[in-house]
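Student: Got a sequence here, can you model it:
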Amino acid sequence: MGAEIVFFLFCEPERLMVLTVTKYTIQAINGPVVTVCGGKGLAVLDTVYVGHLRLIGEVVSVRPSGTVVQVYEDTAGLLVGEPIETTDAPLSILLGPGLLSGIFDGIARPLRRIEAECGSFIKRGVNLTSLNTEASWNCRIVAKVGDMLSSGAVYAEVQETSTILHKCLVPPALSGTVVSVGDDGQYKVTDTVVTIKDVKGILHELTLCQTWPIRKARPFLERMPITYPLITGQRIIDTLFPVAKGGCAAVPGPFGAGKTITQHQLAKWSDADIIVYIGCGERGNEMTQVLEEFSELKDPKTGRPLMERTILIANTSNMPVAAREASIYTGVTIAEYYRDMGYAVAVMADSTSRWAEALREISGRLEEMPAEEGYPAYLPSRLAEFYERAGYIKTLSGEEGSLTIIGAVSPQGGDFSEPVTQNTKRFIRTFWALDRQLAYARHFPSIHWINSYSEYFEDLRPWYEAQLGADFVQLRSRVAALLQEESQLMEIVKLIGSDILPDDQKLTIEIARVIRTGFLQQNAYHAVDTYVPLTKQKGMLAAILCLYDEAKRLLQLSIPIVFLKDSGIFDRLARMKYDVPNDDLSLFTDIHEEIVDTVDLIIRQNS
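Tutor: Coordinates of the predicted model:
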């Protein structure tokens with residue numbers, strides 16, 4: 001049990017005050033799991049400091065026999081009997097200006113400041129807040145004396161980067177009348193800028209920052225219908241398998257299939273205002289590559305460095321496993337904070353399988369009853385808690401914001417029937433199934449067009465029709481049908497070969513090849529092809545289907561399709577993704593004319 005120390009405080013000769021303080025000590029250590037003597041006074045999810053080094057931990061279980069704490073740092077060297085201190089508060093992070101362009105570990109400690117203080121290796125027991133409390137920000141006070149501020153109202157603004165205006169919001173569950181305001185000027189994040197009085201007459205000082213527990217979703221006024229797609233510039237995603245702003249998507253695939261590069265492309269080119277990239281259990285060199293690439297990339301919307309609207313959460317594979325479990329909550333909490341300002345935020349979690357493995361390891365050390373493949377029985381509910389924090393919402397202040405979550409899944413051996421993938425499919429509506437054979441064939445993105453799906457397209461159909469015309473939906477449907485037909489024909493080809501097929505089926509296979517190599521395949525390192533606007537995507541679809549329709553003229557005249565194949569027009573269309581600039585789509589007119597002229601020439605030669 002916890003030792004009780006009794007202090008006798010003599011305040012007055014005739015009165016005696018007795019103050020009892022409970023001291024907690026370590027009883028047992030099992031990797032990142034520490035058992036505490038007693039636990040009287042400790043609550044589940046309380047943050048504690050473990051040992052003389054004051055390692056950060058969190059209470060995960062309270063029992064009469066002892067309290068269990070998971071430690072977010074390496075427990076090597078801890079001894080039984082070392083003290084444990086409680087903060088009487090859940091694990092929370094400090095939210096405010098200074099988060100953008102930052103890189104944090106799984107529990108939101110700033111890695112750049114830790115490097116400056118400790119060197120290249122993180123020392124244990126370092127407890128720096130996510131924000132630099134010594135930095136000053138140029139602040140404009142929006143609130144006026146006498147204003148009634150409700151939860152989520154904006155009372156101050158800070159130009160955090162050249163592209164993002166940081167709005168300081170009244171914390172949830174707090175409202176009142178403004179009784180004093182500061183002058184516009186330089187403030188630290190902990191300085192008081194506005195003071196309000198609530199209905200009980202209690203004064204509350206509002207600073208440029210606020211704290212929020214990472215495992216608790218931030219409240220909003222209303223969940224809005226899905227109406228807008230997240231435009232990524234990746235053809236197979238935007239055209240065939242779109243994800244909505246406020247939606248959820250999964251990118252499952254085996255090792256080497258291109259999950260990370262796919263998420264990198266989405267982070268670079270999606271039209272989200274802010275990107276939160278969570279490297280959960282990934283290799284350190286991959287996170288280094290993200291840092292280097294994002295620092296060099298220019299934002300296509302502003303021309304400024306992409307890092308100005310990016311936040312990185314790095315919990316690499318050699319970092320403590322307990323912090324990996326917390327990293328996705330840290331990332332999504334920061335994303336919700338910016339969503340509440342009215343921004344469109346996209347979260348890239350790479351990968352949720354590593355997070356689930358951390359959950360499994362901790363569950364095993366807690367001696368919990370395992371479920372399928374050793375994962376804890378609450379794996380589905382934890383996945384639901386994460387993905388359900390996405391949404392297109394109306395904020396407490398009445399603005400519209402969105403949080404889109406895209407999680408990578410790394411099933412062992414590419415087996416999509418394993419628990420993490422199957423449970424993830426229950427909570428997402430877009431499934432980008434990566435294929436090992438496509439990746440080995442250097443076909444990227446290696447999203448398989450048959451195994452993937454998107455349930456958002458019907459919700460987004462009005463937007464596509466308004467922006468691109470009703471014919472875009474028809475083009476998409478025809479292309480999807482051709483790919484499906486080719487998949488069935490290839491089963492026959494594997495058995496008996498392609499020579500025995502009639503010309504109309506040979507045409508389907510040839511057109512499907514153009515769709516695969518000229519449209520679905522995209523070069524992330526090509527200046528023109530790395531990002532493709534929707535208007536060009538539509539033009540490419542129209543050109544391919546124009547060739548298909550014109551080729552049918554030959555079939556109606558009983559002219560073999562081989563004449564059209566020998567003309568080189570199929571290869572010409574496969575190269576149009578490079579030949580047609582993104583900002584000059586007039587060349588599609590020339591391509592249509594070339595197709596018609598080629599077919600007419602073949603007809604004249606064979607008439």
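Student: list the contacts for the residue lying closest to residue 596 once chain neighbours are set aside?
Tutor: Once flanking residues are discounted, residue 596 sits nearest to residue 550: 6.1 Å by C-beta to C-beta, 6 or more residues apart in numbering. The way it works is simple: take the backbone N, C-alpha and C, and place the C-beta from them, glycine included. Contacts of residue 550 were listed using C-beta atoms under 8 Å, 6 or more residues apart in numbering, and they are 595, 596, 599.
Student: Just the buried residues out of these, in ChimeraX syntax.
Tutor: Entered in ChimeraX, the line below selects the buried ones among the contacts of residue 550, by 16 or more other C-beta atoms under 10 Å:
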select :595,599
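Student: Now do the buried residues in stretch 562-580.
Tutor: Using 16+ other C-beta under 10 Å as the test for burial, stretch 562-580 gives 563, 564, 567, 569, 570, 572, 573, 574, 576, 577, 580.
Student: quick one: which of those residues is nearest residue 489?
Tutor: Comparing those against residue 489 with C-beta to C-beta places residue 570 closest, at 16.6 Å.
Student: Ramachandran coordinates for the closest one?
Tutor: phi -60, psi -50 (degrees, to the nearest 10).
Student: so who does it touch?
Tutor: Each residue near residue 570 by C-beta under 8 Å, 6+ apart is listed here: 510, 513, 514, 547, 564.
Student: Quick one: which of those residues is the most crowded by neighbours?
Tutor: residue 547 (26 neighbours; other C-beta atoms under 10 Å).
Student: how about the nearest residue to that one, chain neighbours excluded?
Tutor: Nearest residue to residue 547, sequence neighbours excluded (C-beta to C-beta, 6+ apart): residue 595, at 5.1 Å.
Student: residues contacting the nearest residue to residue 560 once chain neighbours are set aside?
Tutor: Spatial nearest neighbour of residue 560, excluding adjacent residues (C-beta to C-beta, 6+ apart): residue 503 at 6.2 Å. Going by C-beta under 8 Å, 6+ apart, residue 503 touches 555, 560, 561.
Student: And for residue 530, the neighbour number?
Tutor: Around residue 530 there are 17 residues (other C-beta under 10 Å).
Student: quick one: it is in a helix?
Tutor: No - checked against DSSP: H, G, I helix; E, B strand; the rest coil, residue 530 lies outside a helix; its state is coil.
Student: ok, the closest residue to it other than its chain neighbours to residue 292 distance?
Tutor: Ranked by C-beta to C-beta, 6+ apart and with sequence neighbours excluded, the top spatial neighbour of residue 530 is residue 524, at 5.3 Å. Residue 524 is 15 Å from residue 292, where distance means C-beta to C-beta, to the nearest Å.
Student: Which one of the two is surrounded by more residues?
Tutor: Taking other C-beta under 10 Å, residue 524 and residue 292 do not tie; residue 524 has more neighbours (17 against 10).
Student: and the gap between the more buried one and residue 445?
Tutor: Distance of residue 524 to residue 445, given as C-beta to C-beta: 8 Å.
Student: After the helix ranked longest in the chain, which helix or strand is next? Please name it.
Tutor: For the chain, the helix with the greatest residue count under DSSP state H is helix 470-496. The helix or strand immediately downstream of helix 470-496 is helix 503-514, counting by DSSP states H and E.
Student: Give the rounded mean pLDDT of that following helix.
Tutor: Averaged across helix 503-514, the pLDDT comes to 94.
Student: just stretch 24-33 next, same as before
Tutor: Rounded mean pLDDT across stretch 24-33 is 92.
Student: what sits up against that stretch?
Tutor: Contacts made with stretch 24-33 from outside it, assessed by C-beta under 8 Å, 6+ apart, are listed as 2-3, 34-39, 42, 48, 50-51, 66-72, 75, 78-86, 320-322, 361-362, 365-366.
Student: Select only the buried ones of these in ChimeraX?
Tutor: Here is the ChimeraX command that selects only those of the contacts of stretch 24-33 that count as buried (16+ other C-beta under 10 Å):
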select :2,34,35,36,37,38,39,42,48,50,51,66,67,68,69,70,71,72,75,78,82,84,86,320,321,322,361,362,365
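Student: now, which of the contacts of stretch 24-33 lie within strands?
Tutor: Residues of those located in strands (DSSP state E): 3, 34-36, 48, 50, 66-71, 83-86.
Student: tell me the two of the residues you listed that are most distant?
Tutor: 3 and 70 (23.1 Å).
Student: Need the pLDDT of residue 47.
Tutor: Looking at residue 47, the pLDDT reads 93.
Student: Bridged to it, which residues?
Tutor: Bridge pairing for residue 47 (DSSP bridges) gives the partners residue 58.
Student: re the thing from before, from the middle of its chain, how far away would the longest helix of the chain be?
Tutor: 31 Å (C-alpha atoms, centre = their mean, to the nearest Å).
Student: Tell me which other helices or strands that helix touches.
Tutor: Applying 3 or more C-beta pairs under 8 Å, 6 or more residues apart in numbering; DSSP states H and E, one finds that helix 470-496 contacts helix 457-468, helix 503-514, helix 534-556.
Student: relative orientation of it and helix 503-514 in degrees?
Tutor: 110 degrees (axes from the mean of the first three to the mean of the last three C-alpha atoms, to 10 degrees).
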